[in-house]
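Engineer: need coordinates for the following:
(chains A, B and C)
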Amino acid sequence: MAVEKVYTKPKCLLPLSSGFCPGCLHSLATKLIAEAIDDLGVAEKVINVLPVGCATMNSLYWKLDMVTSAHGRAPAVATGIKRCRPDALVFAYQGDGDLASIGLSEVLMAANRGEHITIFFANNSTYGMTGGQMAPTTLVGQKSTTCIYGRDPDTMGYPLRMCELIKELEAPVYVARFSLNNPANIRKAKAGIKKAMQNQVEGLGFSFVELLTNCPTNWHMSPVKTLEFMEEHTMKYFPCGVFVDKTAKEGE
Amino acid sequence: MKFTLIISGSGGQGVMSIGMSLAGSAVEGGMHATFMPLYGPEQRGGSAKCTVIVSDSEIVSPLPKQSDGLIVMNETSFKKFTPELKPGGVLVRNINRTTSALKRTDIEVVDVPADDLAHELGSDKIANIILIGAMLGYSGMLDPAVFMASLEHKFAAKGAEVVELNRKALDKGLELGRAAKKA
Amino acid sequence: MAKEFMKGNEAIGEAAVRGGVRFFAGYPITPQSELPEYLSWRLPEVGGCFVQGESEVASINMVYGAAATGVRAMTGSSSPGISLKSEGISYLSAAELPAVIVNMQRGGPGLGSIQPAQQDYLQATKAAGHGGFRMLVFAPYTVQEAVDIVYDAPEYAERDRSPVMILMDGCLGTMMEEVELPPMKELPESPCKPWTVGYDGTKRGGHLITPIYPEAGLEGKNKLAVQRTKRWEENDVRVEEFMVDDAEWVIVAYGMSARVAKQVVLDLREVGFKIGLIRPITLFPFPKKSIANLDYTKVKGLIDIEMSIPALMREDIELQVLGRAPVYEYGRSGGILLDDESTKAAVRKIIEGGEQ
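Structural biologist: From the prediction side, this is the model:
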């Protein structure tokens, strides 16, 4: 009896094993994006802008045209690329230190200009690659190497909710947050990722998809524990949902 | 022949626009010219100065300190730039806006009530044209017809009336400059 | 061809368009704002793209992205803005991306002044960003020369896959003089090149442009950059030597200062001084030979004239003179301009009094 092949590695993911830490959801997000690109059949049209942080390592995994940018500058680099190659599908996948701290201006301004690009934002509440320092998204009370007693809002402020900031702008066409903590949420995330890329295929405007992820290494937890932590804490402060969706309106 | 002219006044008096027109017309007329502006940080009301050089040979430096001619449109620039005029140089001053006495005796002076004359001719905006006219009339630094041609070009879109007004202003200035030269 | 009377900033904008630049991102700063203003309407006329970046930093990174597609890209700024762009300039060099960068210098350091100066020589020629990279630095002295250099700059940038800097000053940006504009260059239909990203109709994705390398790869890149610098020194040095043959005194000056210096040379020649001018047109590579090969049995001294206090080129001059003659300097700074008469007097004083 022939066995039907129901699952395979995405074509635009190179046949290598991931170098992300065990249990890290970056590898899942990387795969989901690759799957969405495969599903849309647009790999050769894609130009990816790599950020600085753990996600820079995606240069080793994705089989796409890619440009590595400076820390936080991916939306500006993507702007330059998309303006020169309007036929390309330009996306960046940025972490929270990159996007919400050093690159806050670049992402907000690209969103405000309504650049026809897609930004995926991996929010794991920490600076992973540099070793677990406080991120703009670190939760109140959550410990990091630069707030060893936990984030104190009196002096460190509160975690930045990027979707809620970006949804206030006029131009973005799609702003949504998903969590990668369980299979049901992962399915929703996959649909959202695909939609954010599809929007570009259709020539719509700026799409922003935030993905809540984890960091077992710097949270000092087992991978399973991180998923519980996400459910109990992260997802309470960063509620999932679609904040803006102007695509249906424009598509009608 | 090379003639260096400094035009100075306050922002909004048309110092820069008249300097550009003058230098530009010289180039159109086959001469060499440079226009070097010096702005204050203000968009309006600050000091404004430009140096225009018109020459029949290539201009090496656009940054002479001393000039052959000086147009001052207000008191501040009168005080500030009169010392930089070469001995024997020609000063055209708007006496409606300069109050203090002239101390130098080694320069030629053409006093022009430019604001009053502009008003009489029907527009406060053309005081700068009258002053340039006086400078051209006195110094002969550039053929006035060449300058008028560029004004015609510049104001063509605004209609024949505006061109005519500028022609009258230029003629008035030329008349005063030439009269002062003869005197 | 007919001569036009143009402002420096606008003339180089037009020269860039005619030289094939099709992307510009920039941020307003005096005294170069007329450059983005001009290109904001001019580039769309030729199918190009202008973006007013939200910052100097974003602008240089937009240029980085544009350059990665093979489109000829450019940005401009003035001194404080160039400091902000230095991150991006270093990344352009690392990622081997071509770009044209114009600096209309103003007084410094810090916010300095908005008036013209030449106080960024060291930044431009030694370290325009971190990491020890070099780039071609051109220093035109007339609007015409600026036009000609900007027109050719994208080709140098593409040849070397490196940023190129045009180091000017606020005088050249805001002054007007006559220029003859070169013809519009023909561009290929597609910007794609073997090193660019973006589908070119044949290749499947998988090309990476990056400013980060494994250590051994990076050292290899560093070594190749040294070879390239040597090639620049052999092939790309540009210099004007004016009345130097019999000179006992040699002024070294670039950009606007060189125009004042040339006038001083002409004036002092008339009254019998044997004086000449060496004018570096490329500041990097520096025209070492012009200075090293002077006849030091005749030369009594060199005078570095800049709109900068201290004179920043002096160390490069002294490295070639090697003590064979005294080196003097004269300059104005902070946005106060040199002028012909004061400069002539200062040079005369140096010659007659040996004042250092």
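Engineer: when you work out contacts or count neighbours from here on, use the C-alpha atoms and nothing else.
Structural biologist: Will do.
Engineer: what average pLDDT does the lengthiest helix in chain B get?
Structural biologist: Identified as the longest helix of chain B according to DSSP state H is helix B:160-182. Computed over helix B:160-182, the mean pLDDT rounds to 96.
Engineer: also stretch C:33-49?
Structural biologist: 97.
Engineer: residues of chain C that sit close to chain A?
Structural biologist: C:23, C:49, C:54, C:58-59, C:61-69, C:71, C:88, C:91, C:197-199, C:203-212 (CA under 8 Å from any CA of the partner chain).
Engineer: which of these count as buried?
Structural biologist: Among these, those classed as buried by 16 or more other CA atoms under 10 Å in any protein chain shown are C:23, C:49, C:54, C:58-59, C:61-69, C:71, C:88, C:91, C:197-199, C:204-212.
Engineer: now, which of those lie within helices?
Structural biologist: Counting by DSSP H, these place C:Ala58, C:Ser59, C:Asn61, C:Met62, C:Val63, C:Tyr64, C:Gly65, C:Ala66, C:Ala67, C:Ala68, C:Gly88, C:Tyr91 in helices.
Engineer: now the two most distant members of those.
Structural biologist: The largest separation in these, counting by CA to CA, is between C:Ala58 and C:Ala68 at 15.3 Å.
Engineer: what segments of the stretch 1-150 of chain A are strands?
Structural biologist: Per DSSP state E, counting those that start in this stretch, the stretch 1-150 of chain A carries strands over the ranges A:46-50, A:65-68, A:89-95, A:118-123, A:126-127, A:133-134.
Engineer: is the second one positioned near chain C?
Structural biologist: Yes: legend: contact between strand A:65-68 and chain C by CA under 8 Å from any CA is shown at A:Asp65, A:Met66, A:Val67, A:Thr68.
Engineer: packing partners of that strand?
Structural biologist: strand A:46-50, strand C:208-209 (3 or more CA pairs under 8 Å, 6 or more residues apart in numbering or on different chains; DSSP states H and E).
Engineer: of the ones you listed, flag the one that's most buried.
Structural biologist: Among the helices and strands packed on strand A:65-68, strand A:46-50 has the highest mean neighbour count (mean count of other CA atoms under 10 Å in any protein chain shown), at a mean of 28.
Engineer: hmm, that one touching chain C?
Structural biologist: Yes: looking at strand A:46-50 against chain C by CA under 8 Å from any CA, the contacts come from A:Val46, A:Ile47.
Engineer: what lines up beside that strand in the sheet?
Structural biologist: strand A:65-68 (parallel), strand A:89-95 (parallel) (DSSP bridges).
Engineer: would JSON lines of those strands with mean pLDDT and mean neighbour count be doable?
Structural biologist: Formatted as JSON lines, the entries for the strands paired with strand A:46-50 read as follows, by pLDDT from 0 to 100; neighbours: other CA atoms under 10 Å in any protein chain shown:
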{"stretch": "strand A:65-68", "mean pLDDT": "97", "mean neighbour count": "26"}
{"stretch": "strand A:89-95", "mean pLDDT": "98", "mean neighbour count": "27"}
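Engineer: TSV please, covering these and showing distance to B:Ala145.
Structural biologist: TSV is the format used below for the strands paired with strand A:46-50 (distance: least, CA to CA, whole Å):
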stretch	distance to B:Ala145
strand A:65-68	59
strand A:89-95	58
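Engineer: quick one: residues contacting C:Leu84.
Structural biologist: C:Glu56, C:Val57 (CA atoms under 8 Å, 6 or more residues apart in numbering or on different chains).
Engineer: would you confirm that C:Gln263 belongs to a strand?
Structural biologist: No: applying DSSP: H, G, I helix; E, B strand; the rest coil, one finds C:Gln263 to be helix, outside a strand.
Engineer: list the contacts of it.
Structural biologist: Here C:Gln263 is in contact with B:Val60, B:Ser61, C:Asp340 (CA under 8 Å, 6+ apart).
Engineer: show me which of those residues is closest to A:Ala76.
Structural biologist: B:Ser61 (41.2 Å).
Engineer: around chain B, which positions in chain C sit nearby?
Structural biologist: Counting by CA under 8 Å from any CA, chain C sits next to chain B at C:3-5, C:114-115, C:171, C:174-178, C:259-260, C:262-263, C:337-342.
Engineer: now swap in chain A and tell me
Structural biologist: Counting by CA under 8 Å from any CA, no residue of chain A is near chain B.
Engineer: I'd assumed A:Asn124 was in contact with A:Asn214.
Structural biologist: Yes: judged on CA atoms under 8 Å, A:Asn214 makes contact with A:Asn124 at a distance of 4.7 Å.
Engineer: point out where the stretch 151-252 of chain A drops to low pLDDT.
Structural biologist: A:249-252 (pLDDT under 70).
Engineer: and the residue nearest the centre of chain B?
Structural biologist: When CA atoms, centre = their mean is applied to chain B, the residue found nearest the centroid is B:Ile132 (3.6 Å).
Engineer: for B:Ile6, give me the backbone phi and psi.
Structural biologist: Backbone torsions of B:Ile6, given as degrees, to the nearest 10, read phi -110, psi 130.
Engineer: kindly report the same for the one 5 residues further on.
Structural biologist: With angles defined as degrees, to the nearest 10, B:Gly11 shows backbone torsions of phi -60, psi 140.
Engineer: what about the helices in the chain?
Structural biologist: With no chain named, the answer covers chain A. Ranges of helices in chain A, per DSSP H, are A:26-40, A:74-84, A:96, A:104-113, A:153-156, A:162-166, A:183-201, A:216-219, A:223-229, A:235-237, A:247-251.
Engineer: not quite, I wanted chain C
Structural biologist: C:8-18, C:34-45, C:56-68, C:79-94, C:121-125, C:143-160, C:170-174, C:215-235, C:255-270, C:288-292, C:314-321, C:340-353.
Engineer: for these, which one ends up most surrounded?
Structural biologist: Most buried among these, counting by mean count of other CA under 10 Å: helix C:56-68, with a mean of 32.
Engineer: from the contact counts, what lies against that helix?
Structural biologist: Against helix C:56-68 (3+ CA pairs under 8 Å, 6+ apart) you get helix A:74-84, strand C:23-26, strand C:73-77, helix C:79-94, strand C:99-105.
Engineer: each with direction, which strands does the shortest one pair with?
Structural biologist: Listed by DSSP bridges, the sheet partners of strand C:23-26 and their directions read strand C:49-52 (parallel), strand C:73-77 (parallel).
Engineer: please name whichever of the ones you listed is nearest to A:Asn48.
Structural biologist: strand C:73-77 (19.4 Å).
Engineer: what's the angle from that closest one to strand C:99-105?
Structural biologist: Relative orientation of strand C:73-77 versus strand C:99-105 (axes from the mean of the first three to the mean of the last three CA atoms, to 10 degrees): 10 degrees.
Engineer: give me the mean pLDDT for strand C:73-77.
Structural biologist: 98.
Engineer: next to chain C, which bits of the stretch 1-150 of chain A? Give me the list.
Structural biologist: The stretch 1-150 of chain A comes close to chain C at residues A:43-47, A:59, A:62-70, A:73, A:76-85, A:88, A:105-106, A:109, as judged by CA under 8 Å from any CA.
Engineer: please convert the buried members of those residues into PyMOL selection syntax.
Structural biologist: To isolate the buried members of these in PyMOL, using 16+ other CA under 10 Å:
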select buried, chain A and resi 43+44+45+46+47+59+62+63+64+65+66+67+68+69+70+73+76+77+78+79+80+81+82+83+84+85+88+105+106+109
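Engineer: please name the residues that touch A:Gly53.
Structural biologist: Contacts of A:Gly53 (CA under 8 Å, 6+ apart): A:His71, A:Gly95, A:Asp98, A:Tyr127, A:Gly128, A:Met129, A:Thr130.
Engineer: wait, which of these is closest to C:Lys221?
Structural biologist: Comparing the contacts of A:Gly53 against C:Lys221 with CA to CA places A:His71 closest, at 21.4 Å.
Engineer: quick check: closest non-adjacent residue to that closest one.
Structural biologist: Excluding its sequence neighbours, the residue lying closest to A:His71 (CA to CA, 6 or more residues apart in numbering or on different chains) is A:Val52, at 4.8 Å.
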